[in-house]
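**Student:** With the sequence up front, the predicted model follows.
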Amino acid sequence: MTLSGQSVTILGAGVAGLAVARALALKGAQVTVLEQADAIREVGAGLQISPNGAVVLKALGLGAALEAVSIRADAVELRDGLDGSLVTRLDLAQLRPGQGYHFLHRADLIELLCQGARDAGVELRLLQKVERVDLSGARARLVFATGAEQETGLLIGADGLHSPTRAALNGQQAPFFTHQVAWRTLVPCERGARPVAEVHMGPGRHLVSYPLRGGTLRNIVAVEERRRWVEEGWSLKDDPMELRVAFESFGSRVQGWLEKAQDVFLWGLFRHPVAPVWQRALPEGGVAILGDAAHPTLPFLAQGASMGLEDAWVLADSLADSLAAGGLAEGLAAYQARRAARAARIVDAATRNAKAYHLAGPLRSLAHLGLRIGGAVAPSAALGRFDWLYGHDVTQPE
């Protein structure tokens, strides 16, 4: 199972793009990554890598690097946002001791993947903004912002929410506003912070927080239901007071965190459909998409990065299997067949989670009571509901 001599061009140096670059290079491919930015710099905030993503990093030889830059999570706690009381606790360390749940800064994950790609022989080119992908010919043709054009045999689009590669495969598909917005911010972390993800739930809103970088920083993502439209994207700065006002009814623990907030970013949450078409064979090559380009997901299961890692492994594995038998088209088709149903299930589960966090009135009280009773009577049952997600290992033969 080798890709020796196969030339591959990847658009995007994010999590999925760098992971698939290393995966393909380790199988012998000659890989070039085109990134539109002028540098791989520290952007974003915290993210979570659940066991299904961690097994991919380990299989790529990056397990030790992940452990070095992340915090192992002990638990997830669901709390009543209004008074801070514990509703239920998912004890990850006790109930799933063999699995790795990790908190880390997005920049640290990108750095370890970037170094891993370079170590595998991947070429990274910056300032390469692709405006359009043309699939009308025998080979994929890239049209750059500079007006330059380039043809490539095997093209992989890891080019995010507004992917030109996805558009070339599926046409333009307009997302819709979910009537929810999210703030993200990093604040100094209190001394002795527990390695726990806390979800503070309130009527029409919730807030998630966990420590990063050895407990020196605290990541905060806060979501509010809102009718008016807010632009999609990560770079809209907001007044920290807007965030504090939105969560002024929450308990003192949350208030203490938000008082420290200085740089706050706001974005609208939009629902994108899972792409119907993820790949296409061409007369002299082929094209595929992965990560957010294929299946953008709302952040309510913290699966964006792990899904991209899963995609990367399966795409490289499918291509290696098929090319060993002489068929690129078969490998591309196998990749989508292995990934599409699981991706759609995760996207749907994340969408449903938001509603559960934002209950109000009697329904909220009943739901919290049920969670408290369930956590006391059968503490492993709630976590067991997600074994299909966290226990899945794409690196093992099907």
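**Tutor:** Structure received.
**Student:** Count the residues that sit near Gly63.
**Tutor:** 15 (other C-beta atoms under 10 Å). (C-beta placed from N, C-alpha, C; glycine too.)
**Student:** what do you get for Arg132?
**Tutor:** Neighbour count of Arg132, defined by other C-beta under 10 Å: 14.
**Student:** So which residue is smack in the middle of the chain?
**Tutor:** With distances taken as C-alpha atoms, centre = their mean, the residue of the chain nearest its centroid is Gly304 (1.7 Å).
**Student:** and the closest residue to that one other than its chain neighbours, what is it in contact with?
**Tutor:** Among residues not flanking Gly304 along the chain, Thr297 sits closest, at 5.8 Å (C-beta to C-beta, 6 or more residues apart in numbering). Counting by C-beta atoms under 8 Å, 6 or more residues apart in numbering, Thr297 makes contact with 303-304, 307, 346-347, 350.
**Student:** List just the nearest of those to Leu104.
**Tutor:** Of all these, Gly304 has the smallest distance to Leu104: 13.4 Å, by C-beta to C-beta.
**Student:** Check what contacts the helix or strand that contains Gln115 and list those residues.
**Tutor:** Element membership for Gln115 (DSSP states H and E) is helix 106-119. With contact meaning C-beta under 8 Å, 6+ apart, helix 106-119 is reached by 13-15, 18-19, 21-22, 25, 31, 33, 40-47, 49, 60-62, 65-66, 69-70, 124, 213, 305.
**Student:** And the buried ones among these, selectable in PyMOL?
**Tutor:** Only the buried entries of these go into this PyMOL selection, using 16 or more other C-beta atoms under 10 Å:
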select buried, resi 13+14+15+18+19+21+22+25+31+33+40+44+45+46+47+49+60+62+65+66+69+70+124+213+305
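**Student:** all helices of the protein, in order?
**Tutor:** 15-26, 51-59, 63-69, 92-95, 106-119, 164-170, 240-246, 252-259, 304-324, 328-357, 361-377, 379-384, 387-390 (DSSP state H).
**Student:** Comparing those, which comes out most buried?
**Tutor:** helix 15-26 (a mean of 28; mean count of other C-beta atoms under 10 Å).
**Student:** how close does Leu57 get to Ala344?
**Tutor:** Distance from Leu57 to Ala344, counting by C-beta to C-beta, to the nearest Å: 24 Å.
**Student:** before we move on, what about Gln30?
**Tutor:** In terms of C-beta to C-beta, Gln30 sits 33 Å off from Ala344.
**Student:** same question, Leu389
**Tutor:** For Leu389 relative to Ala344 (C-beta to C-beta), the value is 13 Å.
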